[in-house]
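> have a look at this prediction, sequence included:
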There are 2 protein chains.
Amino acid sequence: MSTAITLAEAKALDHADPLASLRDRFALPEGVIYLDGNSLGALPRTVASHLANVISTQWGEGLIRSWNTHDWIDLPARVGDRIARLIGAPAGTVVVADSTSVNLFKALAAALRLRPERRVILSQRGNFPTDAYIASGVASLFGCELRLVGAADIASSLTPDVAVLTLTEVNYRTGERHDMAALTSAAHAAGALAVWDLAHSAGAFPVDLTATGADFAVGCGYKYLNGGPGAPAFVYVAPSHLDGLRQPLTGWLGHAAPFAFADDYQPAAGIDAMRVGTPAILSMSALNAALDVFEGVDLAALKRKADRLFDLFTAELVAAAPELELVTPTDGARRGNQASYRFADGYAVMQALIARGIIGDFRGPDIMRFGFAPLYVRHADVWHAARHLADILSTGDWDRPEFKAKAKVV
Amino acid sequence: MSTAITLAEAKALDHADPLASLRDRFALPEGVIYLDGNSLGALPRTVASHLANVISTQWGEGLIRSWNTHDWIDLPARVGDRIARLIGAPAGTVVVADSTSVNLFKALAAALRLRPERRVILSQRGNFPTDAYIASGVASLFGCELRLVGAADIASSLTPDVAVLTLTEVNYRTGERHDMAALTSAAHAAGALAVWDLAHSAGAFPVDLTATGADFAVGCGYKYLNGGPGAPAFVYVAPSHLDGLRQPLTGWLGHAAPFAFADDYQPAAGIDAMRVGTPAILSMSALNAALDVFEGVDLAALKRKADRLFDLFTAELVAAAPELELVTPTDGARRGNQASYRFADGYAVMQALIARGIIGDFRGPDIMRFGFAPLYVRHADVWHAARHLADILSTGDWDRPEFKAKAKVV
């Protein structure tokens, strides 16, 4: 699809969409077109009743007994296994714990310990900030150097001093997607390990960690996995690294026998060594319920729909707002499920859109992001969003003080 | 109170208890006497409706906008300030984030950076395991030594090489309470810093971090604060250390300007530098609602009630089960809100009690714990619990295979 279409045609695409009914699994507000599922996924309908039950029955009635009777203690592994199926990982290699940042800290530290003779963490300039910040914190602790290079220079920067290459598969600003298999192979060929952040990948399109050979991966529970604001994150460790896994956040639930209450730390076997403290059962239960929406869903079909939504949106804007600069690759294999446009006054334009009930977001200094979460975004939504965006630009409706006043969180 | 009383007398104490109505703020199951609030606090009634609203209104309707409109971004600081009032800390010195383990990691690392010329972390043998494990992880990263000593040797072990003394104020097994002010002073006199774990203190009795001069403190949201299973933890930094605060988990929400998305990490001013990743809004909202139960509550009165419950329980058992060895100090100023008894078959005895609806817990190899959360435990509850415990011991009712089979979580 490369040309603009009519609303009737967009609605016909929705009518023919075999995934259309998945939208019914979400509680979406009236009058809102939500194109920010890449930042905070929408609310799955199963969450409220599930969490109400966890609160009243598991916590309120079961009290401390629920660690056993509701197997809270293994919830991180159970939810991890559900996520594993979405990212091409075998059972027992993923655990849900902490935040993406904390998990990246653990993964990078564990990786560095596997390459003690090398002193460089290689990453990309313009990676998501927390990834660079955490990498710099780890580098400082380990007496290593964090080396940030441009996207085009990653492969050629895999020099013999590089211990770990760490990248986010899909860039949060541009939506550009790395070739995870090729870069992982290049890292391995150079004797380095590869640590991937799947924040904008997991639940968005098929990921195959096993096939790509990734050594470690982390990812976010609250974007395409719809686990709720600040949902716990996940961490993956390749089977070959599970034996002897060591990371420095040596909390009691990563111990081989937490309830022996021994003075000395002995890491658990397998992925449990990535656990630290007591898991946030309420937030994790919300994520667990949210994962129900993926039952019976083919991620390849999701990606095909996201690509159609991307094509529809960008084609409308080529026709109606040619002044906008698309910074996302048009090749579906080279991007995540978002379209990013550069526009100097993008912040105000986005506020004008939000005032009309069309929600995307803005990443400074000049990027407007529109995410197409294919579980619940419709072709007609995208059509309307593009038309409103074009209208706001052509009328200058964004040029108002109330749209220019920056909020705390952008 | 040093002698056993009748049930009628216990009920009379409840009738006269000025704090009795606080129990109505909790949803407690029928037929259960809950003496494990020191492990997982009971469910405050406000939590279910508050969290239902957070899910449906803030997440479902507000979606990404709630970071601003419901000020999710400052929820860690707002809840932190509410906890600050319970632990004698000024506003702006406490933030809610991560788990106790992860917060201790940050606090110990920050403290070590303030004493770079010293190489020892001093702690207590038999401290809660995660504290020792985390301290050993930090020590290993910083090339330091973790030195564990017995309780009686702490003050004399504050040698000039000690950078940090880290202790849990109330021992999880014995209930013994350190003199936080005296040990902090001793640490300071030796040129060391003091990092306190308030897991069994916060919400249990008055804590005055300012008066004791503690440098850092961490604590648990799910015990006496009743924030729900795995509730987020808190971390305190003394005002004098807030300026220039550095910790190695440099995540984006600890950045001075997270939404500038800069490549380089610049720590936030003040306590926000202890933040790491995106906060778990659902779990943190539950904790926030749970703190409502402390509105208008005098912690000194809570402690007085807990002491009366302790006295009642132990006096009953002195009379009815003299074979039990109380390992908790009888002096109220020297203990937390629990009574711990050593008994070789304590695990089976505790299971027998639980089978009768009386819930305490067990800490290997031989400690039975009974917590007296004064917000909801009644004198009559404690009377019944002591009678059942004595009955189980005198009849040998605990000596059954089903009570000896160890569960995953003890």
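Good, I have the coordinates.
> C-alpha only now, for contacts and for neighbours.
Will do.
> secondary structure element for the residue of the stretch 1-150 of chain A found nearest chain B?
Closest approach between the stretch 1-150 of chain A and chain B, counting by Cα to the nearest Cα: residue A:130, at 4.5 Å. Using DSSP states H and E, residue A:130 sits in helix A:129-141.
> unless I'm mixing things up, residue A:13 is touching residue A:379, no?
Yes - contact criterion Cα atoms under 8 Å: residue A:13 and residue A:379 qualify, at 6.5 Å.
> looking at these two, which one has more neighbours?
residue A:379 (28 against 16; other Cα atoms under 10 Å in any protein chain shown).
> excluding chain neighbours, what is closest to that one?
The shortest distance from residue A:379 to any non-neighbouring residue, by Cα to Cα, 6 or more residues apart in numbering or on different chains, is to residue A:10 (5.3 Å).
> now do the contacts for that neighbour.
By Cα atoms under 8 Å, 6 or more residues apart in numbering or on different chains, residue A:10 lies in contact with A:379, A:380, A:383.
> would it count as being in a helix?
Yes - counting by DSSP: H, G, I helix; E, B strand; the rest coil, residue A:10 is part of a helix.
> if I look at it, what pLDDT would I see?
We have a pLDDT of 98 for residue A:10.
> for it, give its distance to residue A:313.
11 Å (Cα to Cα, to the nearest Å).
> what residues are shared contacts of these two?
residue A:383.
> about what we covered before: chain neighbours aside, what residue packs nearest to the residue of the stretch 1-150 of chain A closest to chain B?
residue B:252 (4.5 Å).
> shouldn't residue A:117 be within a helix?
No - under three-state DSSP, residue A:117 sits outside any helix and is assigned coil.
> buried residues of stretch A:235-255, list them for me.
A:235-239, A:241-242, A:245-255 (16 or more other Cα atoms under 10 Å in any protein chain shown).
> wait, stretch A:49-57
In stretch A:49-57, counting by 16+ other Cα under 10 Å, buried: A:50, A:51, A:52, A:54, A:55, A:56.
> surely the second one is in contact with residue A:288?
No - between residue A:51 and residue A:288 there is no contact under Cα under 8 Å: 9.8 Å.
> the nearest residue to residue A:192 once chain neighbours are set aside sits in which helix or strand?
Spatial nearest neighbour of residue A:192, excluding adjacent residues (Cα to Cα, 6+ apart): residue A:163 at 4.8 Å. Using DSSP H and E, residue A:163 sits within strand A:162-168.
> CA atoms only: put that strand into CSV for me.
Below are the C-alpha coordinates for strand A:162-168, written out as CSV (Å, rounded to 0.1, in the frame of the first residue of the first chain):
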residue,chain,number,x,y,z
VAL,A,162,35.4,-5.6,23.3
ALA,A,163,34.0,-7.9,26.0
VAL,A,164,30.3,-7.1,25.4
LEU,A,165,28.2,-5.6,22.6
THR,A,166,25.0,-4.2,24.0
LEU,A,167,22.3,-2.8,21.8
THR,A,168,18.5,-2.2,21.8
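> mind listing what's buried along that strand?
Counting neighbours by 16+ other Cα under 10 Å, one finds that the buried residues in strand A:162-168 are A:162, A:163, A:164, A:165, A:166, A:167, A:168.
> list the contacts for the third one?
Shown here is residue A:164, whose contacts under the criterion Cα under 8 Å, 6+ apart are A:108, A:111, A:112, A:120, A:121, A:122, A:187, A:192, A:193, A:194, A:195.
> correct me if wrong, but the third one is in a helix.
Yes - with the criterion set as three-state DSSP, the secondary structure at residue A:112 is a helix.
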